[in-house]
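Engineer: predicted model and sequence below, questions to follow.
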Amino acid sequence: MKQRILFVCLGNICRSPAAEAMMQMLVERNGLTDRVLLDSAGTYGGHSGERSDARMRRAAAARGIDITHRARQVREEDFERFDMIIAMDDNNYEALFRLAPDRAAQQKIYRFREFLRRNPNWSYIPDPYYEGHEGFELVLDLLEDGCSTLLENLR
């Protein structure tokens, strides 16, 4: 049975699709594609159908990560479909808690910071949308840290 993981940020154009793509790369490198299903979504639907932010795609591509995801909003059925729903920050964590249909669904929600090992001082994954190139690089560094830990937990 596959472990099903959904990464969530606000608009689903920067952090969560990058987390999905980063994790997908790690899953493929470790031969676990038959054991893990990944997706991403946003708590805000204003970018639905759009490609990820071009700056994030460029920064990820420089690391060999291909972000192909199209933005979508979190749906109630996601709480049934996924085993883990991982929020990039506290605002999205709280939004997910409000969207969850019941307590069992709420127990599937995690903060990405729970998986940070090399960067434990970060309490959230910052939104790089209004930042320069360095903001996107920082996010990718944090995502690599957390996704590596998450991968270890799945083994």
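Structural biologist: Yep, it's here.
Engineer: only C-alpha atoms for contact and neighbour calcs from this point on.
Structural biologist: Will do.
Engineer: residue 40 - that's part of a strand, no?
Structural biologist: Yes - counting by DSSP: H, G, I helix; E, B strand; the rest coil, residue 40 falls inside a strand.
Engineer: local confidence estimate at it?
Structural biologist: Confidence per residue is given as pLDDT, and for residue 40 that number is 98.
Engineer: any idea what the residue nearest to it when sequence neighbours are not counted is bridged to?
Structural biologist: On the basis of CA to CA, 6 or more residues apart in numbering, the spatially nearest residue to residue 40 that is not a chain neighbour turns out to be residue 7, at 4.5 Å. Taking DSSP bridges as the rule, residue 7 bridges to residue 40, residue 86.
Engineer: figure out how far stretch 13-30 is from the centre of its chain.
Structural biologist: Here the centre of mass of C-alpha atoms in stretch 13-30, compared against the chain's by CA atoms, centre = their mean, to the nearest Å, lies 8 Å away.
Engineer: need the residues that contact it.
Structural biologist: The set of residues external to stretch 13-30 that reach it, using CA atoms under 8 Å, 6 or more residues apart in numbering, is 6-9, 33, 36, 38-42, 47, 50-53, 56-57, 60, 65-71, 88, 125, 127-129, 139-140, 143-144, 147-148, 151.
Engineer: of those, which belong to strands?
Structural biologist: When those are checked against strands using DSSP state E, the ones located there are 6-9, 36, 38-42.
Engineer: okay, these in CSV with neighbour count and distance to residue 120 next?
Structural biologist: Rendered in CSV, the data for those read as follows (neighbours: other CA atoms under 10 Å; distance: CA to CA, whole Å):
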residue, neighbour count, distance to residue 120
6, 24, 22
7, 27, 19
8, 31, 20
9, 30, 19
36, 17, 25
38, 20, 24
39, 21, 25
40, 27, 23
41, 29, 25
42, 27, 24
